[in-house]
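Q: Quick one, what's the 3D model for this:
(one chain, ligands or ions: 1)
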Amino acid sequence: MIDINFSKFFNNNIDLNFQTENDHLSFHDVAIPQQTHSANVKFVTEPGLYDDVDGLITSKKYKLKLMTRVADCVPIYLHDFKNDYYGLIHSGWRGTKNHIILNALDIFKNKGFSNFKNIKVFIGPHIKDCCYEVDWDVAQYFSFFKKNKKEKKWLLNLEKEIIYDCVTKGVSYKNIKVADICTFETMGYESFRRDGKKSKRMLGIIG
Ligand SMILES: [Zn+2]
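A: Predicted structure coming up:
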């Protein structure tokens, strides 16, 4: 059972959790995306379920928690420390390939008039390039991977792809942090790659 609070990365201005999915959570103030590995991001002001989106953004004044469900995919937490907009994104290889993070940053700019220099990004626990083997049909879309010669496989680095997108857009490198946890090889974390259909999900929560 994992339950980690990463709020210190956002100077404790906003709560940022990563935990094993469990039945005891209360969902009355939570906005939940019905994830489809899309690059769709939505600005929300009310709790509830949101169809066909993989990222949600809100503002602190709506007193909402945002959630994402992952097991190896990357949870990306965002916070603009000037206007108190925040967001949570689910970015697997498809979402990363289709730059869902850029769609999220566009919403910060369009809805909150964010300056990207004021946005902090926390890349949560996910499967890292020590373990994330893919074939060329997936690797071909990316810039950051290592070749595993023996196996004729590629080891994909999703966090570098996401950091590259953020920095290119204008987020300061010093405002980006990455959790030092690979879900595949860390005891207690849920990993779809490792456990297949037996795996549960982890919940990212912000707000
Ligand atoms: Zn690993």
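Q: Distance-wise, check residue 77 relative to the ion.
A: 21 Å (C-beta to the ion, to the nearest Å). Where C-beta positions appear, they are placed from N, C-alpha and C, glycine not excepted.
Q: what bridges to that residue?
A: In this structure, residue 77 bridges to residue 88, residue 122 when assessed by DSSP bridges.
Q: how deep is it tucked in, by neighbour count?
A: Residues near residue 77, counting by other C-beta atoms under 10 Å, number 28.
Q: Next: residue 206.
A: Neighbour count of residue 206, defined by other C-beta under 10 Å: 27.
Q: Just confirm it contacts residue 66, I think it does.
A: Yes. Contact criterion C-beta atoms under 8 Å: residue 206 and residue 66 qualify, at 5.2 Å.
Q: Now do the shared contacts for those two.
A: Counting by C-beta atoms under 8 Å, 6 or more residues apart in numbering, the shared contacts of residue 206 and residue 66 are 86-88.
Q: wait, which of those residues is closest to residue 20?
A: Using C-beta to C-beta, the shortest approach to residue 20 within the shared contacts of residue 206 and residue 66 belongs to residue 88, at 16.9 Å.
Q: Quickly note the distance from residue 162 to the ion.
A: Shown here: residue 162 relative to the ion, a distance of 17 Å by C-beta to the ion.
Q: again with residue 64
A: With C-beta to the ion as the criterion, residue 64 and the ion are 33 Å apart.
Q: right, and that residue touches residue 50 too?
A: No. Assessed by C-beta under 8 Å, residue 64 is found out of contact with residue 50, at 11.5 Å.
Q: in its sheet, what does the helix-or-strand element of the chain with minimal mean pLDDT sit against?
A: Least confident helix or strand, the chain: strand 145-148 with a mean of 90, by mean pLDDT, DSSP states H and E. Sheet pairing here is set by DSSP bridges, and for strand 145-148 it gives strand 153-156 (antiparallel).
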